[in-house]
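# take this sequence and fold it.
(2 chains)
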Amino acid sequence: MKNAKELIKINQELCDSSTETRLVYNWSQIVSKRKKRKKIKQLMVLVPTVAVSMFLAGILIFNLLPSSEKKFSAQPLQLHLGDQSSTITVPKQATKNKNLSLSDGSALSISPGTTLQVINNSEKKFKTRLQNGWARFTVKTGKDKIWEIETDHTRIRVLGTQFTVNTTNKFTTVTVHRGRVELEEENKKVILSMGQAKTLYQPANILEPPPNSTLEVQIASHELTLSENKDIESTPEDKDKQNVPQLHHTKSTFTKPDNGQNQVNRHDVNQLLDAADKARKEQNPKKAANLLENLIKNHPNNHIIGLAYLSLGRIQLDDLKNAQGAVTALKRAINSGTLPAPLLEQAYARCIEAMIKANDFKAAKKMADDYITQFPQGTWKSFIQNNIDSIK
Amino acid sequence: MISAKMKNLSSESDKELSTLDQPLIDNDTDLVKRAQNNDSFAQYTIYRKYAPYLINLSTKLTQRVNDADDIVQEAFIIAFDKIKDLNNPASLKPWLIKILVHQVYRCFRRKKIRLFLRLDHNKNDTALDLLEANSTDPNHIILLQEINKKLQIVNPKHKTVWILHRLEGLSISETATAVNTSTATVKRYIASIDKEIELKRDYNS
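So this is what the prediction gives:
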């Protein structure tokens, strides 16, 4: 047994381990450590301050300097009042649509391969000519301004607010997404409202090229005359017997050798289409299909692609008896979004027919439902119904 | 190792000490007030006054010279940083002990992790008996050796409480304040170690 009091006494007698050397060493360590920590504390305050300042300065520079704005953001091309007789050509090689904004807030989106000429751009009127291509117009409403768009086939007057125009040398399709537009068809005025589309094939004689025009006509060399002068909305039975009118050209200004596929310029869409059309007429469907496949391969972004797919699908189905290939081509024609409404109807109808021939009844029924939903009064309705009934 | 570092640091510390060539102040209240105003002389005086005691206490608690020095350095750095929070200047010593004990506990936790990771050899270089002066009674050496042996196996927190109370002579309440726990817990810790080393309780704390 030990005595607790003794322990305290013994502890007091223990030698002092805190030598002078140890004391001095520890004090120097304390001083240096405190200095280091003070510096670290200052840095801890300084670093976030500098970071925040740099961030704010970056934002300021980004917002203030116009060059950096142009560099980092894809601003649409600005068209100011008074900019007239200017031609905007979007190269075919472009991958994206060109956006154009007007000073009144209206906007245009022009697809690759399109040429658009601004004829008049004043406070009261905006007049433009669309040559062979696709464009979407979003017009700012509530303005006392006349909007006119001319194509080879019609003149479109905007009553508001968003619509697309797809024009080739053979037809012009106007699709209204919002508001209303007024068209001129054979000297008559037709008003299209939201959700409606109209395709015009007859070249309008009301149009004349503007004076001092700098318009760069890219594919304006063809004149279209329909072989039998039939309206696009003729019965499906009649259409089946004849060629697609869009593929038939009777006059062409370019010198085109007709010796065969090898002499067709694969970079020229119209030459390819003509050659395919001719090959089909000459009872050479394989050659026609090859030419169309060439066209599709070389011009995937062209606005004519839907038409090419439709023609290919018809050749596959009618001449080559390849139902599966026809389904693929016709589906692509439908999904291309470039077909005018009557041709789109035809594409649906032929696709359903091809699906039934390929024994894909489920898909055929589904597509028939889609058709009915999209075109409740469609001209191919009875044809499709007969095909669906034949499944049972 | 320490002497080598001392050579490098001697010039720096000499400068510090030369500027502090002033008479020492015994009164804690004055010292604390001046230290609160970042008076380096007052801070040095506090260090010189309490460092020997804290170094000895730290050495006894950790039983390692290097750890003890680190703990004392950390304790004084924290004390000088937080001295403005010290409301009662008279209680400077218990306040310093409290900071030191907190640092000792941190050291124990780090040691535990190092042992788990096998980064610590777990050998103490300073035992209680080694601190004893040559002139002390041989019986005391035997007694301290026995106590040291028993203390090796007990909980470090219990050991800290026991050393503060039984060896350093702090009261139960002072010990409780130093280790930041209740007096009942302190009594329980002390009783458990007393039982281990069969200490005769012949006085009331």
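
# can you pull the residues of chain A lying near chain B?
Residues of chain A found near chain B (C-beta under 8 Å from any C-beta of the partner chain) are A:1-8, A:10-11, A:13-18, A:21-34, A:37. Using the backbone N, CA and C atoms, a C-beta is placed for each residue, glycine as well.

# please pick the buried ones from these.
When neighbours are counted using 16 or more other C-beta atoms under 10 Å in any protein chain shown, the residues of chain A next to chain B contain these buried positions: A:2, A:4, A:7-8, A:10-11, A:14, A:17-18, A:22-31, A:34.

# how far away is the closest residue to residue A:108 other than its chain neighbours from chain B?
With C-beta to C-beta, 6 or more residues apart in numbering or on different chains as the criterion, residue A:108 has its nearest non-adjacent residue at 4.1 Å, and that residue is residue A:100. Residue A:100 sits 66 Å away from chain B, going by C-beta to the nearest C-beta, to the nearest Å.

# pLDDT-wise, which helix or strand of chain B ranks last?
Ranked by mean pLDDT, DSSP states H and E, the helix or strand of chain B with the weakest confidence is helix B:2-19, at a mean of 46.

# not counting residues beside it along the chain, what's closest to residue B:146?
Distances taken as C-beta to C-beta, 6+ apart place residue B:197 nearest to residue B:146, at 7.1 Å, with adjacent residues excluded.

# got the contact list for that neighbour?
Taking C-beta atoms under 8 Å, 6 or more residues apart in numbering or on different chains as the contact definition, residue B:197 lies against A:2, B:146-147, B:150-151.

# so where is the chain shaky, pLDDT-wise?
Going with chain A. Along chain A, segments meeting pLDDT under 70 span A:1-3, A:15, A:65-85, A:141-143, A:160, A:202-267, A:392.

# not what I meant, chain B
Using pLDDT under 70, chain B drops low at B:1-26, B:122, B:124-136, B:199-205.

# residue boundaries of the helices in it?
Here chain B has its helices, by DSSP state H, at B:2-19, B:28-36, B:40-62, B:65-82, B:92-116, B:138-151, B:156-162, B:172-179, B:183-197.

# check which residues of the last one are buried.
If I follow you right, that is helix B:183-197. Here helix B:183-197 shows B:186-187, B:189-190, B:193-194, B:197 as buried, counting by 16+ other C-beta under 10 Å.

# between those, which is nearest residue A:360?
Minimum separation from residue A:360 among the buried residues of helix B:183-197 (C-beta to C-beta) is found for residue B:189, which lies at 85.1 Å.

# still on that earlier bit, just the ones of the buried ones among the residues of chain A next to chain B in helices?
Using DSSP H, the subset of these located in helices is A:4, A:7-8, A:10-11, A:22-31, A:34.

# now for residue A:386, how many residues are close by?
Residue A:386 sits with 11 neighbouring residues when counted by other C-beta atoms under 10 Å in any protein chain shown.

# same question for the one 5 residues further on.
Residue A:391 has 13 neighbouring residues, counting by other C-beta under 10 Å.

# quick one, what contacts it?
Contact partners of residue A:391, counting by C-beta under 8 Å, 6+ apart, are A:356, A:361, A:364-365.

# again, but for residue B:46
Here residue B:46 is in contact with B:31-32, B:35, B:79, B:92 (criterion: C-beta under 8 Å, 6+ apart).

# who wins for most neighbours among those?
Looking at those with neighbours defined as other C-beta under 10 Å, the largest count falls to residue B:35 at 25 neighbours.

# that one reaches residue B:41, doesn't it?
No. With contact defined as C-beta atoms under 8 Å, residue B:35 does not count as touching residue B:41 (9.0 Å).

# test my guess that the residue nearest to residue A:108 contacts residue A:118.
No. Residue A:100 lies out of contact with residue A:118 (C-beta under 8 Å); the separation is 9.2 Å.

# how about the residue in the stretch 151-300 of chain A positioned nearest to chain B, secondary structure?
Of the stretch 151-300 of chain A, the residue with the smallest distance to chain B, taken as C-beta to the nearest C-beta, is residue A:300 at 62.8 Å. Assigned with DSSP: H, G, I helix; E, B strand; the rest coil, residue A:300 falls in the coil class.

# what is the neighbour count of it?
The burial metric for residue A:300, expressed as a neighbour count using other C-beta under 10 Å, is 9.

# can you pull up the bridge partners for the one residue in the stretch 101-250 of chain A that gets nearest to chain B?
Per C-beta to the nearest C-beta, the residue of the stretch 101-250 of chain A with the smallest distance to chain B is residue A:101, at 61.6 Å. Residues in a beta bridge with residue A:101, per DSSP bridges, are residue A:78, residue A:107.

# that one and residue A:109 touch, don't they?
No. With contact taken as C-beta under 8 Å, residue A:101 and residue A:109 are classed as non-touching, separated by 10.1 Å.

# what is the burial count for whichever residue of the stretch 51-200 of chain A sits closest to chain B?
Scanning the stretch 51-200 of chain A for the residue nearest chain B gives residue A:51, at 26.2 Å (criterion: C-beta to the nearest C-beta). Number of residues near residue A:51 (other C-beta under 10 Å) recorded here: 10.

# do residue A:114 as well
Each residue near residue A:114 was counted by other C-beta under 10 Å, and the total is 26.

# check contacts around it.
For residue A:114, the contact set (C-beta under 8 Å, 6+ apart) comprises A:89-90, A:130-135, A:303.

# now do residue A:301
If a contact means C-beta under 8 Å, 6+ apart, then residue A:301 has A:92, A:94-95, A:111-113 as its contacts.

# try 10 Å this time
Contacts for residue A:301 were tallied using C-beta atoms under 10 Å, 6 or more residues apart in numbering or on different chains; they are A:92-96, A:111-113.

# before we move on, back to that, scan the contacts of residue A:391 and report the most crowded one.
Looking at the contacts of residue A:391 with neighbours defined as other C-beta under 10 Å, the largest count falls to residue A:364 at 23 neighbours.

# which one's more surrounded, residue A:101 and residue A:109?
With neighbours defined as other C-beta under 10 Å, residue A:101 and residue A:109 compare such that residue A:109 has more, 18 against 15.

# quick check: that one vs residue A:177, distance?
Distance, residue A:109 to residue A:177, using C-beta to C-beta, to the nearest Å: 12 Å.

# any common contacting residues for these two?
Residues within reach of residue A:109 and of residue A:177 at once, by C-beta under 10 Å, 6+ apart, are A:136-138, A:164.

# just the buried residues of those residues.
The neighbour-count criterion (16+ other C-beta under 10 Å) marks A:136-138, A:164 among the shared contacts of residue A:109 and residue A:177 as buried.

# ok, which pair from those is furthest apart?
Using C-beta to C-beta, these span at most 9.9 Å, a distance reached by A:138 and A:164.

# can you list residues touching both of those two?
Here residue A:138 and residue A:164 have A:109, A:177 as joint contacts, going by C-beta under 10 Å, 6+ apart.

# so how far is whichever helix or strand residue A:55 is part of off the chain centroid?
When secondary structure is defined by DSSP states H and E, residue A:55 falls within helix A:20-64. Helix A:20-64 sits 55 Å away from the centroid of its parent chain (C-alpha atoms, centre = their mean, to the nearest Å).
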